[in-house]
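In: Give me coordinates for this.
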Amino acid sequence: MELTRSEVRALAAFLEGNAGIAGLQRALKVRQPRVSYLVERLVEKGFLAKRRHGLRLGLELAPTPHALKFREMYSRNPHRPYGEILSGRNLDVLQAIAYNPKETRTIARMLGVQPRAIQERLARLSGLALVHRAGKRYVLSPSAEEVHSFIGSLRTSLDLNGVLHWRLNDEVLYSTRDEKAVQGHLTGFNEYHRHGVQVNTISYLCTTGKKPSVGELFVHSLFQIEDPRTLGLAVTFFAKNRLHPKRLAYLAEKYDVQEKLDGVLEVYRRFRELDKALPGGERLIIEARGVPRIEVQALRKQFEMYGVR
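Out: As a prediction, this is how the structure comes out:
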């Protein structure tokens, strides 16, 4: 979700007791049409709701998680420069690192800007004690728990009939069993058949971003790994399409699935080591962090089925 500095200022003014258009106009010192526009935008984004008392139209805080989290955050520390922190590129940076630490170049690539621009934003946010550096990566500061909670609520809001897996502004990755709820492009297991691995699914994995490349749809499919069968399909797809781990590293960091990617790669590595050494009837289980356990024999059958050598 995106916010402007004026929208944040208007929401803060509302929480300070300016519950009507006239009160907001006085607090913000802008003309009535501008206030009306800001209110409409905040209603559309689920921060405010209109209420009617007879012929009079009033405003109230919307009962959405992100509106409630904003109120909690603002009440705990009303003196932070929220108009700066939660608008434009600063908000994008905070959302990008909401769940896992990321390198500057990863954040820049996610947002389509130069790393230097992101370095400047990170320096400012670090100065406000909102982010800190962990090795080569940046992460939200634990001391800003209420800001972290609010940012998380923005990234988990979903107006679609489905299960949200990942979101950053207009790019959403979600699954649904309702064909009518499919938006954007199918991805993950739903598109494996286009690259040589047929998968029967009971739900649709969708992305509202650009049409995914083979590497992107593979990384998206990591959200769908639930059992040995789906793990085996992912490993088979990786091997059949000869995907390069280094080229997948950025995507895994972007979509916060580094551990699952590492698990798939470890399963593939150990399978290659064991496949030729084990007799056909011997049962051996491969275990890797972040993914289910899988039998060597079961994975061998999937490789044979799809002609993976």
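In: from here on, contacts and neighbour counts on C-alpha atoms
Out: Fine.
In: So the chain: which segments form each domain?
Out: 5-63, 77-154, 163-305 (automatic domain parsing).
In: Relative to Phe70, which of those is closest?
Out: Nearest to Phe70 among the domains of the chain is domain 77-154; the distance by CA to CA comes to 6.0 Å.
In: just to revisit the earlier point, of the domains of the chain, which is nearest Arg71?
Out: domain 5-63 (7.1 Å).
In: Mean pLDDT lowest where, among the domains of the chain?
Out: Looking at those, the lowest mean pLDDT belongs to domain 5-63 (a mean of 89).
In: So what would you say the end-to-end distance of that domain is?
Out: In domain 5-63, first residue to last residue: 22 Å (CA to CA, to the nearest Å).
In: where's it relative to the chain centroid, distance-wise?
Out: Relative to its chain's centre, domain 5-63 lies at 29 Å (CA atoms, centre = their mean, to the nearest Å).
In: so Tyr306 makes contact with His193?
Out: No. Assessed by CA atoms under 8 Å, Tyr306 is found out of contact with His193, at 10.9 Å.
In: export the domains of the chain to CSV and tack on mean neighbour count and distance to Phe70?
Out: Converted to CSV, these look like this (neighbours: other CA atoms under 10 Å; distance: least, CA to CA, whole Å):
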stretch, mean neighbour count, distance to Phe70
domain 5-63, 16, 9
domain 77-154, 18, 6
domain 163-305, 17, 17
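In: Same list (these) but as CSV, adding distance to Arg71.
Out: As requested, those are arranged in CSV below (distance: least, CA to CA, whole Å):
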stretch, distance to Arg71
domain 5-63, 7
domain 77-154, 9
domain 163-305, 21
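In: mind checking which of the ones you listed is nearest Lys69?
Out: Per CA to CA, nearest to Lys69 of the domains of the chain: domain 77-154, 5.1 Å.
In: that older thread, shared neighbours of Tyr306 and His193, anything?
Out: Common contacts of Tyr306 and His193, defined by CA atoms under 8 Å, 6 or more residues apart in numbering, are absent altogether.
In: List of residues touching stretch 14-34?
Out: Stretch 14-34 is touched from outside by 9-10, 13, 35-36, 58-60, 71, with contacts defined as CA under 8 Å, 6+ apart.
In: Kindly recompute the last result at 10 Å.
Out: Here stretch 14-34 makes contact (CA atoms under 10 Å, 6 or more residues apart in numbering) with 6, 8-13, 35-36, 38-40, 48, 57-61, 70-71, 74-75, 78.
In: For Cys206, give me its contacts.
Out: So Cys206 contacts 162, 164-165, 172-176, 181-188, 190, 217, 220 (CA under 10 Å, 6+ apart).
In: Try it again at 8 Å.
Out: Counting by CA under 8 Å, 6+ apart, Cys206 makes contact with 172-175, 182-187.
In: try Tyr99
Out: By CA under 8 Å, 6+ apart, the contact set of Tyr99 is 152, 256.
In: Now do the SS call for it.
Out: Using DSSP: H, G, I helix; E, B strand; the rest coil, the structure places Tyr99 in coil.
In: what's the answer for Val139, then?
Out: Three-state call for Val139 (three-state DSSP): strand.
In: Walking through the stretch 201-309 of the chain, point out its strands one by one.
Out: For the stretch 201-309 of the chain, the strands defined by DSSP state E, counting those that start in this stretch cover 204-207, 285-286, 294-295.
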